[in-house]
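Novice: could you look at this predicted model? Sequence included:
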Amino acid sequence: MITRSVVIANAGSGKTYLLANRLIRWMIEERRATNTASPDRMLAVTFTRKAAGEILERVLRHLALGSLDAAKREEFSIASQIGPASAEEYSAVLREVVDALHRMSISTIDGFFMQMAGAFGPELGLPEGWRIAEDDEQRAMRMDAIGAVIAADPMRAVDLARQMSDGEPKVEIQAGIDAALGGAFTIWDRCALGNDPGKPWLALASDSVQLFPKARRADAKARVALIDAMRQAAVPLTKGGTPNKHWTNAIPRVTRLAEDGHWFDLLKDSLVSAVRDTGVFSSVAPEPAFARGLEKLVGHACAEVQDVIRARLRATEELVHSVDRELVRMRRAEGAYGFQDITTLIARAHCLGGEGTEAMRERLDRAIRDLALDEFQDTSPAQWTALVPLIDEIMATGGRRFLVVGDPKQSIYAWRGGTPELLAQVGSRPGLEEDASLNTSFRSSPVILGFVNTVFGDIAGLVSGTPLAASTPDAERTFTDAGLAAPRDVDRSPLLRALAGWTFVEHLAAERNSEMPGFVRAFRAAGPGADAIAATVASIVADRHARRPDATIAVLVSKNDEITACVAALRRAGVAASDEGRSQLLDSPAVTAIMAMLRLADQPDDRASHWIVSREPVASIFGCAPMETFAGGAAQRTEADRISAQVRRALHAEGLPAWIDRTIDRFRSVCSARDMQRLHQLSVMAHDADRADVARPGHFVTSVESRGVRAAAGERVRVMTIHASKGLEFDEVVLGSLDRTMGTVDGGAGNWSVLAPDPTKPPIAVAPVLASAIMEYSPLLEAFRREAQVGRIFDDVSGFYVGVTRAREALHLVCAPPTGVDTLRLSGTRILRMAFPEFETGLLATKVVNERFWECGVDALPSEGSPLPANNVEVAGLTSTPTLTSTPTPTPTSTSTPAPTLTPAPMPAPVVERIARPDARGGVAPSSHERLGAGGVPLFTAEFAGADDGARGSLAHAWFEHVEWLNSEGIDAASEPQVLRAVAVEIGRPVDAALRESVRALVMAAAQGPLGECLRPARYALWKCDTLQVRSEMPFVVQIDGRTQRGRMDRVVLGMRAGRVVRAEVLDWKTGARDLQGAEFEERIAPYQLQMNGYRRALAAMFEIAPESVSAVLAFVDRGEIRAA
């Protein structure tokens, strides 16, 4: 009999069945040898309480069945399961298990570590009465620790914050440090498994490590000469002999960046990037004098950026170390720890194995004889380090048993430390026996499994020879030149390296499923955005749910914001669905309003919160006047103070839970059922909150913002993330998110990559992930980014596999329209296009939204007709036998059968006052009050009405609203959460991912050009003012020509001398009009002149300055142009 082994288990292959039977076998064998089964001497760990419960339930059930049913004993008797055993043996073991249930250890891995921490508290440094803290409590503790570090040495903290942010730190130093550190704390914990956690952070900070090979410093005098020579260089001409306008604009821009010392911006500039990559810009090579100057300035820029990166690494190491020390002190003082904290303490203490085994025997009154590890692909390095001593002891001792069950194809938790490479590491240990491979699926139909085999069976072969698989021949030398050990096969592409560890075994259908019908279908959505995908999802689900009302249908997506869009579309289509995303409560406008009241109570100067509570119907309920009626200044601040004081008095008089419950009652008449569900969840959180939150309601707001919630799951149609679907199965699955780029590793503050050639050991080096344009100059930093990409690709491909294999009978694939860049990136749709030529043909040929363009299998599910015929009947290129062909082909009618298109029932518009923004289609001005709807429909019932809410323009405006002045890095991506929150409030729903990404790219690009110059103080140098003030979204009310005019200006810059405004400029952001030219464009923008003249007159009247002292600028974001108005 096999006693020590590793089992790779395909999806749906009976992993829990095997695991339960192995535990039973171990107990029967132990009873035969010692006359007692000793169930309390086994340890079986998995990753969720649900899975642990299922394992225990299976153990009890199989023991009972084995004691009563001869047929079941025969089923269990095969060598890979329990083996031959008598009914008496089953009964005896069952009695022992029942008697020892309270002492058995079939639990989560975190649960086991909690038991160990209870036994070894003093050795781990845990105080008496320690406890597990909630996630939001841990976040608050981290912020408090950062605050304590700042308070200990404010000047040093400010200096470190500046080094981490490449210049001036955030106005809020504490939050700025937290954002800049990002995932550094998780990496620090992983590094702490070694002797010196700071060493990896400083590996690249040494002057001996060349981060930028082209780094060549030029002194100030030389730089001035270079810049002058570049300015005097001849401007390239067009074929018509006129100066090339792209060069005319670019030369001053580049020289100004160099003159101002904005070295990051210079390396990212479009001219510099183009000349670096192709030797030309705007199809013209630079003049020799310009090229020589640019080359030397780029070398100096690389030297400056290199210094900044080294300083950032040193500053981060110092800050994380300081904050970690403070956190250790605070955790001990509070007695509050996270699960990860406990795991790290156990791993560093090595209290399992050796002398620890004897101590555990004494303190827990039991010892671990046998060990079973489930879902091992999700094990983190810290968990592995904690378990290794116990595993070593078991492997070195005769008569003990060891089982590891896992599947690298289902590793989707790299973001929380899951390391699938550990499965291969443990599988290569000496002393393990060869075991069964679980490749027979008891879940899915032959058609589904044939599809899986074709897509994933040779996925590496599909991508080989494409640009996605291009090798990186100098990667190993890059690492070794820096004195670092290189990972295995580092010269291969990240994609092929990831797939090398993504082992695949052909999936076979269980005999009982050989006649199960099934099909796979693909549909084309209207666009790539979440709303377009959701519309197609709703169309499919409504059709399938009507045909099979008793079938379970899952909609699986990648992100929670996609869940929100899908649930909204399904509800508009009249389909009841369980929302099972980890959505924040703030996806309800009603909750957002209450949070705004509490924010204002905590921070009276929070203008965004004041604006929210001054909208209807909240304003009427709480007696708040519209914010813009106060025209800013002292009156507006007085009103905000009044509201803040009113809420604080109520909180102190009633307490936070009672105040929230009373406010919910006041909101009841204007809320939808969904809002009331969210409000009830908010009430539960309030009743569980710390009483100290009355004094600082902002703490409660932070807790609400950071904690997810789930709507109850009680419908036949369920919407969830792929991560949440792990371990579940459904009759039919609708898979969205197929067009998300796999392996994306974003650059920016707080993003890091590690080098860990041995996954069982701590990282040997840490590097920041920068903007891709900067990484082009640093082969070493680019090599680190590729290391992060390997793990990301592994996770993303595994997520695709997990989503597909949840389906029992039917799989529906929702794809966005193809684009020209699809072949240059990896996505689920791209893999399908490579796997099935007919899929590729159908996708490219189909233009009709929601049309089914490809399918395989037969639609013969129970409520629709006869099942598939048995015995080797081939269906659309797939057989129903275990030996499946590898290429399913579409049926002859696959390109002409559209899914039914739904016409949503009309929904009445809400009574809600919204200040709308202008858009390029000539919408209302930002100052206009628009009352939407009629008939007294409640405020929040239209949250999913689906009307065009100008989200794109609102999002672009919000990005610029959060900019006071641009720094050298351009717009700060760290402000995106605040931007998204503000826009979600305005449009009444979360911003979908595709829109978020496209507008982010648009704004970042626009900020590099003329629009960016409007956001820099240098533009206003000729004003010769003492100080400059920026007012974003500035409301105004002013009397002009006997009439009251009111509104809001996007951005106002005020120039002041001796405390008085003497100059002003108003900027108005405009989106759209990208492709308009000539007279058509002039005609479009003509109406804006009147609006801008009104703004100029309003500013002149407000500050008592001459109209000619006020300038007005139209900034066209899509076009990257500005126009004086």
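Specialist: The structure has been received and is ready for your questions.
Novice: pLDDT below threshold where in the stretch 651-800 of the chain?
Specialist: Residue ranges of the stretch 651-800 of the chain with pLDDT under 70: 690-695, 706-714.
Novice: so how many other residues sit close to L65?
Specialist: Under the neighbour criterion other Cβ atoms under 10 Å, L65 is assigned a count of 16. From N, CA and C alone the C-beta is placed, and that goes for glycine too.
Novice: quick check: S609 touching A601?
Specialist: No: counting by Cβ atoms under 8 Å, A601 is not a contact partner of S609; they are 9.1 Å apart.
Novice: mind jotting down where the strands sit in the stretch 501-650 of the chain?
Specialist: Remark: strands assigned in the stretch 501-650 of the chain by DSSP state E, counting those that start in this stretch are 508-509, 518-524, 553-557, 578-579, 583-584.
Novice: show me how far the first one is from its chain's centre.
Specialist: Right, strand 508-509. 34 Å (Cα atoms, centre = their mean, to the nearest Å).
Novice: so what does that strand touch, helix or strand wise?
Specialist: Applying 3 or more Cβ pairs under 8 Å, 6 or more residues apart in numbering; DSSP states H and E, we find strand 508-509 packed against strand 440-441, helix 446-456.
Novice: tell me which of those lies nearest to A315.
Specialist: A315 lies closest, by Cβ to Cβ, to one member of these: helix 446-456, at 43.9 Å.
Novice: and after the closest one, which helix or strand comes next?
Specialist: helix 459-463 (DSSP states H and E).
Novice: which other residues reach that next one?
Specialist: Where contact means Cβ atoms under 8 Å, 6 or more residues apart in numbering, the residues beyond helix 459-463 that reach it are A469, L495, L496, L499, A500, W502, F504, V797, L826, I831, M834, A835.
Novice: give me the pLDDT value at T472.
Specialist: As predicted, T472 sits at a pLDDT of 86.
Novice: run a quick neighbour tally on the residue nearest to it when sequence neighbours are not counted.
Specialist: Leaving out its chain neighbours, the residue that sits closest to T472 by Cβ to Cβ, 6 or more residues apart in numbering is D491, at 5.8 Å. Around D491 there are 15 other residues, counting by other Cβ under 10 Å.
Novice: and D491, that one's in a strand?
Specialist: No: read with DSSP: H, G, I helix; E, B strand; the rest coil, D491 is coil and lies in no strand.
Novice: go ahead and confirm it touches A475.
Specialist: Yes: applying Cβ under 8 Å as the test, D491 and A475 come out as touching, 5.1 Å apart.
Novice: before we move on, the earlier item: which of the helices and strands packed on strand 508-509 sits most buried?
Specialist: With neighbours defined as mean count of other Cβ atoms under 10 Å, the helices and strands packed on strand 508-509 peak in mean count at helix 446-456, which reaches a mean of 27.
Novice: can you name every helix or strand that that one contacts?
Specialist: strand 508-509, strand 518-524, helix 779-804, strand 807-815, helix 828-835, strand 851-858, strand 878-879.
Novice: and the longest helix for this structure?
Specialist: Ranked by residue count, the top helix of the chain under DSSP state H comes out as helix 288-334.
Novice: tell me the domain ranges of this protein?
Specialist: Using automatic domain parsing, the domains assigned to the chain come out as 4-127+340-438, 134-337, 442-582+714-743+804-893, 584-709, 912-1013, 1018-1124.
Novice: for the fifth one, give the mean pLDDT please.
Specialist: What that stands for is domain 912-1013. Domain 912-1013 carries an average pLDDT of 64.
Novice: how about stretch 638-650?
Specialist: 91.
Novice: ditto for stretch 83-92
Specialist: Averaged across stretch 83-92, pLDDT comes to 96.
Novice: likewise stretch 190-203?
Specialist: For stretch 190-203, mean pLDDT is 93.
Novice: do stretch 1090-1101 as well
Specialist: For stretch 1090-1101, mean pLDDT is 87.
Novice: could you list the buried residues of it?
Specialist: Q1091, M1092, G1094, Y1095, R1096, R1097, A1098, L1099, A1100, A1101 (16 or more other Cβ atoms under 10 Å).
Novice: with just CA atoms, put it into PDB.
Specialist: What follows is stretch 1090-1101, C-alpha atoms only, in PDB (Å, rounded to 0.1, in the frame of the first residue of the first chain):
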ATOM      1  CA  LEU A1090     -20.200  82.100 -24.600                       C
ATOM      2  CA  GLN A1091     -19.800  79.700 -21.600                       C
ATOM      3  CA  MET A1092     -16.100  80.700 -21.200                       C
ATOM      4  CA  ASN A1093     -16.900  84.400 -21.500                       C
ATOM      5  CA  GLY A1094     -19.400  84.000 -18.800                       C
ATOM      6  CA  TYR A1095     -16.800  82.400 -16.600                       C
ATOM      7  CA  ARG A1096     -14.400  85.200 -17.200                       C
ATOM      8  CA  ARG A1097     -16.900  87.900 -16.300                       C
ATOM      9  CA  ALA A1098     -17.900  85.900 -13.200                       C
ATOM     10  CA  LEU A1099     -14.300  85.700 -12.000                       C
ATOM     11  CA  ALA A1100     -13.700  89.400 -12.700                       C
ATOM     12  CA  ALA A1101     -16.800  90.300 -10.700                       C
END
